[in-house]
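Participant: need coordinates for the below:
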Amino acid sequence: MENKMKVEIWSDVMCPFCYIGKRNFETALEQFEYKKHIDVVWKSFLLDPSIPEIAEESYHDYLVTRKNMSPEQVKGMLENVTQSAKQVGLEYNFDKAVMVNSLNAHKLIQLAKTKALGNEAEERLFRAFFTEGKNIADKATLVQLGKDIGLDEAEINTIFSDEKYATLVNQDIQEAQRVGVQGVPFFVIDRKYGVSGAQPAQAFLENLKVAFAEWRKQNPETKLEVTQGQSCTTDGICE
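Facilitator: Below you'll find the model as predicted:
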């Protein structure tokens, strides 16, 4: 397996800036010359573990009652965030958002990571929550979202009974504390550089360039002097 530089991203699928940060990072990665040498690892983070699994209030009311913000402040903030999302091609519908605990959603992400589908799970859950107004704590909904990205239904159902998935979520959260994560999104590049928040794509790109240059010095690319002879290729041609 090829050695790659790791980028770890702590995120909560209920965090509006995490989705925006994801888009900006993806834009930067597309522009990065050595993107094939980058391994992106998603990490779980719960912004508010006290939110119940059954919705009790709207996104707007949640911020008013739990964050001690005025209705006017919340309205202005959500309008600003919606515009920021639109600038990177995302549609936010806060009036449809179902405020529920995101633990089950993170369990699905942990399963997806074992199938190399972590990024797909993050994307599907973000869209489900912010755009489609789906209940990301509901088991039937999560089964369908998991199937949407290619996960097996029987395996998806294990996340609700097998404690190992909750354990993996908690391990990510404990690791975040050790790293010093105080808010999300939080990007850790090669365990040397931390990038906090939904930074512009250019900021991500600059950090990738600096970190990769250092990483490459410690992990030089193997270049062989090859003597050609008769051989068979992977597409079955022998000559």
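Participant: ok, the closest residue in space to Lys192 that isn't next to it in sequence - contacts?
Facilitator: Nearest-residue entry for Lys192: Ala211, 6.1 Å, with adjacent residues in sequence omitted and distances by Cβ to Cβ, 6 or more residues apart in numbering. In this view, the C-beta of every residue, glycine as well, is placed from N, C-alpha and C. Remark: with contacts taken as Cβ atoms under 8 Å, 6 or more residues apart in numbering, Ala211 is in contact with Met5, Ile189, Asp190, Lys192, Tyr193.
Participant: quick one: which helix or strand includes Ala211?
Facilitator: Following DSSP states H and E, one finds Ala211 within helix 201-218.
Participant: go through that helix and flag the buried ones.
Facilitator: Using 16 or more other Cβ atoms under 10 Å as the test for burial, helix 201-218 gives Ala201, Ala203, Phe204, Leu205, Asn207, Leu208, Ala211, Phe212, Trp215.
Participant: distance of the first one relative to Ile149?
Facilitator: Taking Cβ to Cβ, to the nearest Å as the measure, Ala201 and Ile149 are separated by 24 Å.
Participant: so what's the residue count around Lys96?
Facilitator: For Lys96, the count of nearby residues is 14 (other Cβ atoms under 10 Å).
Participant: kindly report the same for Arg127.
Facilitator: 17.
Participant: packing partners of the worst-scoring helix or strand of the chain on mean pLDDT?
Facilitator: Taking mean pLDDT, DSSP states H and E as the measure, helix 59-66 is the helix or strand of the chain with the lowest mean score, a mean of 93. Using 3 or more Cβ pairs under 8 Å, 6 or more residues apart in numbering; DSSP states H and E as the contact definition, the elements that helix 59-66 packs against are helix 71-87.
Participant: pLDDT weak spots in the protein?
Facilitator: Judged against pLDDT under 70, the low-scoring parts of the chain cover residues 1, 222-226, 234-236.
Participant: now the strands: where do they sit in it?
Facilitator: For the chain, the strands defined by DSSP state E cover 5-11, 38-44, 186-189, 193-196.
Participant: tabulate the ones you listed (JSON lines), appending mean neighbour count and distance to Asn93.
Facilitator: Written out in JSON lines, the entries for those read as follows (neighbours: other Cβ atoms under 10 Å; distance: least, Cβ to Cβ, whole Å):
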{"stretch": "strand 5-11", "mean neighbour count": "22", "distance to Asn93": "20"}
{"stretch": "strand 38-44", "mean neighbour count": "19", "distance to Asn93": "23"}
{"stretch": "strand 186-189", "mean neighbour count": "23", "distance to Asn93": "26"}
{"stretch": "strand 193-196", "mean neighbour count": "16", "distance to Asn93": "26"}
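Participant: out of those strands, which gets nearest to Phe130?
Facilitator: For the strands of the chain, the distance to Phe130 is smallest for strand 5-11, at 12.8 Å, taking Cβ to Cβ.
Participant: quick one: strands adjacent to the closest one?
Facilitator: Under the criterion DSSP bridges, strand 5-11 sits next to strand 38-44 (parallel), strand 186-189 (antiparallel) in its sheet.
Participant: how about a markdown table for these, with distance to Asn24 added?
Facilitator: Written out in a markdown table, the entries for these read as follows (distance: least, Cβ to Cβ, whole Å):
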| stretch | distance to Asn24 |
| --- | --- |
| strand 38-44 | 13 |
| strand 186-189 | 10 |
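Participant: redo the strands of the chain as TSV? Include distance to Leu168.
Facilitator: Conversion of the strands of the chain to TSV gives the following (distance: least, Cβ to Cβ, whole Å):
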stretch	distance to Leu168
strand 5-11	14
strand 38-44	7
strand 186-189	18
strand 193-196	22
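Participant: right, and Gly84 touches Ile20 too?
Facilitator: Actually, residue 84 is Ser. It isn't Gly. Yes. Applying Cβ atoms under 8 Å, one finds Ser84 in contact with Ile20, separated by 5.9 Å.
Participant: good, wrapping up.
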